[in-house]
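Student: I'd like to go over a predicted model; first the sequence, then the structure.
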Amino acid sequence: MSAALIPLILEPLLKIALLIAGLMTAAAYLVLVERWIAAWVQDRLGPNRVGIPLTKIRLFGLGQPIADGVKFLFKAEFTPTHVDKVLYFVAPMSIFMAAIAVFAVIPFGSVLPPNIFPASWDIKEPIRLVAAPGLDVGIIYVFAVGSIAVYGVVLGGWASNNKYSFLGGLRSSAQLISYELPLGLGIIGVVLASGSLRLDAIISHQAQTGVWNVLAQPLGFVVFCVASFAEAARLPFDLPEAEQELVGGYHTEYLGIKLMMYLVAEFLHMVTASFLIVILFLGGWHFWGLTGSSDVVTWPVAVLRVIVLLAKVMGVILFFMLARWSWPRFRYDQLMDVAWKVMIPWGMVNLVVVAVWLEYGDHLARGVGLSAERSITVVGCGMLSLCWLVAVIVDPTRGDKHPRRSARPTDNTLEETPRDCGPGGTEMRP
Amino acid sequence: MKSDDRNIIWIQEPRLGLAGKSYVLLFFQGLTTTLRHLFRRKLTVQSPEQRHEIPDPLIYRGVHRLNRDQQGRVKCVACFLCATACPVHCIDIMAAESPWPDREKYPQSFTIDELRCIFCGMCEEACPVDAIELTSFYDLSGKSREEMIFDKEKLLSVYDQTKDSEPMKTKRD
């Protein structure tokens, strides 16, 4: 009894320790990578000085995250007098905890090989590399916990009692809530196709058919990608904290370790979004001819799957970081237009197409004479280009941006108005 | 301000063509620009080890110096034109009767507050005898505010240090 209980307790604890340690380190070093990429894109070198303290060894600046962390920890813990004390403390903690808790259901690999424990321990299930492997509602849990992030932002903006923070919080709540809808629509197509809410089941569905969801549902992929950029509040959708407009947005009044919690949580949102994009659409740990698709693996394959998954995630994260410098920020009405007038209709079209394909796809494919995998790819790409074309021609984002006024001053009325210039040359206006 | 205020000039957004509306072209334009810069040669100068190369020291505006004439005397004639021209009033001159026969006055003390100076070069422009000049020495630092107020001796010593690398800008004596 007791011998059988030990692995049951030990296994999740080990996974949680691995996840939290890995995530914190990854977040710290991703900040460094982000700063490097920012610098390289701007033709600079980026942080390259901090190495081992008290020596001249620089290690390409790999000590920078530690220096940053120490700096944050030793900042004076200062609370502005005008803030709402309780909420001011709760907000960063809630966003941070939510960002970590999401990773409970996100797989960071496939399974471990069987028979690594003594037979007397009586472990029948293969050990899955997820902190909570048995959770059947996986993706719903991600959504439920991920939505708490809005709380952290809104509470932080409100508690700061500052106009910029408040505006940032308001913008953010509108943005995050609007983009939850396309995010959900993008996911529903995937869930429908793979028939399970569990993320590991979604990966193994893609591995077994060999068609990644990005090929089968490119429309859903575009919708989900755009929505997850907006959910992670990354450029070109970083309206909540647009520095040029809002100083720092909702975390203007924060400093020290509380600010660090916000910043780390934001980075973890980006990591979560990258994991979800890879798992739902880019095949997770699967790669053709490399990782196989079976649930029983050997050690090399198990390790290879972890490497493939993390490499894909890293690729998506790099794309996130490059995107930051590639396109200008959307205006606020454009942001809302993209969500409500383009992404949600596209998500619905994608959902309908996937549902119809699941019902009649096999017949259609047989009728045309193509294999099911190839025809679903053709249909998916066709739908994407069709929807894109319709969106371009109909142009739903055009419209009500013009001023409502009865008499527009035309150019000649403007020129008719005499501009009296006083003796000092200053313009006199009536 | 109401929306029909005559002072408001309404601007029409530029109309996008089909390519612009589809975002595809713009998407790849943005991405290729960043990717091109990502692998381009970096312009950073690793400052303490490498020195920033000053293209033309004659037009650079760094720390001031007070020039000497050929007999080693300070060239300044204490005319106060530089102190008058200075927009931030960082030059302080005390004039005294000149011990030399070729001019009436000379500066008994001549101090420049380098912390206050904005390095605009107006003093150099104003000087009728080319006594004050800006050198190409740019990274000056000090441990106190007093240390950064340069007196006549210090300004002359800047000249002594830089006269070989940077000859006087005009050869009038």
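Tutor: Good, I have the coordinates.

Student: contacts only, for residue A:347.
Tutor: By C-beta atoms under 8 Å, 6 or more residues apart in numbering or on different chains, the contact set of residue A:347 is A:181-182, A:184-186, A:188-189, A:220, A:223. Every C-beta, even on glycine, is put in place using the N, C-alpha and C of the backbone.

Student: make a markdown table out of these and add neighbour count, secondary structure and pLDDT.
Tutor: Rendered in a markdown table, the data for the contacts of residue A:347 read as follows (neighbours: other C-beta atoms under 10 Å in any protein chain shown; DSSP: H, G, I helix; E, B strand; the rest coil; pLDDT from 0 to 100):
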| residue | neighbour count | secondary structure | pLDDT |
| --- | --- | --- | --- |
| A:181 | 17 | helix | 89 |
| A:182 | 30 | helix | 91 |
| A:184 | 19 | helix | 88 |
| A:185 | 22 | helix | 89 |
| A:186 | 30 | helix | 88 |
| A:188 | 18 | helix | 90 |
| A:189 | 30 | helix | 89 |
| A:220 | 32 | helix | 89 |
| A:223 | 31 | helix | 92 |
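
Student: could I get the residues you listed as CSV with distance to residue A:294?
Tutor: Rendered in CSV, the data for the contacts of residue A:347 read as follows (distance: C-beta to C-beta, whole Å):
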residue, distance to residue A:294
A:181, 37
A:182, 35
A:184, 32
A:185, 32
A:186, 28
A:188, 28
A:189, 26
A:220, 27
A:223, 32
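
Student: and the top helix by length along chain B, what does it pack against?
Tutor: When chain B is parsed with DSSP state H, its longest helix is helix B:24-38. Helix B:24-38 makes packing contacts with helix A:2-41, helix A:299-326 when contacts are defined by 3 or more C-beta pairs under 8 Å, 6 or more residues apart in numbering or on different chains; DSSP states H and E.

Student: give the burial count for the residue of the stretch 51-200 of chain A found nearest chain B, as a bare number.
Tutor: Of all residues in the stretch 51-200 of chain A, the one sitting closest to chain B is residue A:58 (10.8 Å; C-beta to the nearest C-beta). Using other C-beta atoms under 10 Å in any protein chain shown, residue A:58 has 13 other residues around it.

Student: ok, the residue lying closest to it once chain neighbours are set aside - contacts?
Tutor: Computed as C-beta to C-beta, 6 or more residues apart in numbering or on different chains, the closest residue to residue A:58 that is not its neighbour in sequence is residue A:51, at 4.0 Å. If a contact means C-beta under 8 Å, 6+ apart, then residue A:51 has A:57-63 as its contacts.

Student: buried among those residues? Make that a PyMOL selection.
Tutor: In PyMOL syntax, the buried subset of the contacts of residue A:51 is picked out as below (16 or more other C-beta atoms under 10 Å in any protein chain shown):
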select buried, chain A and resi 61+63
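
Student: of the contacts of residue A:51, closest to residue A:310?
Tutor: Minimum separation from residue A:310 among the contacts of residue A:51 (C-beta to C-beta) is found for residue A:62, which lies at 18.6 Å.

Student: these two touch, right, that closest one and residue A:36?
Tutor: No: counting by C-beta atoms under 8 Å, residue A:36 is not a contact partner of residue A:62; they are 10.7 Å apart.

Student: the residue in chain B positioned nearest to chain A: what's it in contact with?
Tutor: Nearest to chain A in chain B, going by C-beta to the nearest C-beta, is residue B:30, at a distance of 3.6 Å. In this structure, residue B:30 makes contact with A:326-327, judged by C-beta under 8 Å, 6+ apart.

Student: tell me the spacing between it and residue A:312.
Tutor: Using C-beta to C-beta, to the nearest Å, residue B:30 is found at 23 Å from residue A:312.

Student: quickly list the domain ranges of chain A.
Tutor: Listed by automatic domain parsing, the domain ranges of chain A are A:23-72, A:75-394.

Student: end-to-end on the longest one?
Tutor: Terminal residues of domain A:75-394 are spaced 53 Å apart (C-alpha to C-alpha, to the nearest Å).

Student: returning to what we had before: helix, strand or coil for the residue nearest to residue A:58?
Tutor: Recorded secondary structure, residue A:51: coil (DSSP: H, G, I helix; E, B strand; the rest coil).

Student: over to the one 3 residues further on?
Tutor: Following three-state DSSP, we place residue A:54 in the coil state.

Student: so what's the residue count around it?
Tutor: The number of residues packed near residue A:54 is 5, by other C-beta under 10 Å.

Student: for it, report the pLDDT, please.
Tutor: For residue A:54, the pLDDT comes out at 77.

Student: with residue A:403 instead?
Tutor: Predicted confidence (pLDDT) at residue A:403: the value is 54.

Student: can you check the one 4 residues further on too?
Tutor: Predicted confidence (pLDDT) at residue A:407: the value is 50.

Student: returning to that earlier point: of the domains of chain A, flag the one that's most buried.
Tutor: Per-residue neighbour counts averaged over each of these give the maximum for domain A:75-394, namely a mean of 19 (mean count of other C-beta atoms under 10 Å in any protein chain shown).

Student: distance between that domain and the chain's centre?
Tutor: Going by C-alpha atoms, centre = their mean, to the nearest Å, the spacing between the C-alpha centre of domain A:75-394 and its chain's C-alpha centre is 5 Å.

Student: over to stretch B:62-75?
Tutor: In this view, stretch B:62-75 has its centroid 19 Å away from the chain centroid, taken as C-alpha atoms, centre = their mean.

Student: hmm, who's touching that stretch?
Tutor: Contacts of stretch B:62-75 (C-beta under 8 Å, 6+ apart): B:76, B:100, B:106-107, B:110, B:112, B:114, B:117, B:119, B:123, B:129-138, B:140, B:150, B:152, B:155-156, B:158-160, B:162-163, B:168, B:173.

Student: which residues touch the nearest residue to residue A:73 once chain neighbours are set aside?
Tutor: Residue nearest to residue A:73 in three dimensions, not counting chain neighbours: residue A:257, with 6.2 Å by C-beta to C-beta, 6+ apart. Neighbouring residues of residue A:257 by C-beta under 8 Å, 6+ apart: A:72-73, A:75, A:77.

Student: show me the contacts for the closest residue to chain B within the stretch 301-430 of chain A.
Tutor: Here the residue of the stretch 301-430 of chain A nearest chain B is residue A:326; by C-beta to the nearest C-beta that distance is 3.6 Å. Residues near residue A:326 by C-beta under 8 Å, 6+ apart: B:30-31, B:33-34.

Student: just the buried members of those residues?
Tutor: Buried positions within the contacts of residue A:326, assessed by neighbour count (16+ other C-beta under 10 Å), are B:30-31, B:34.
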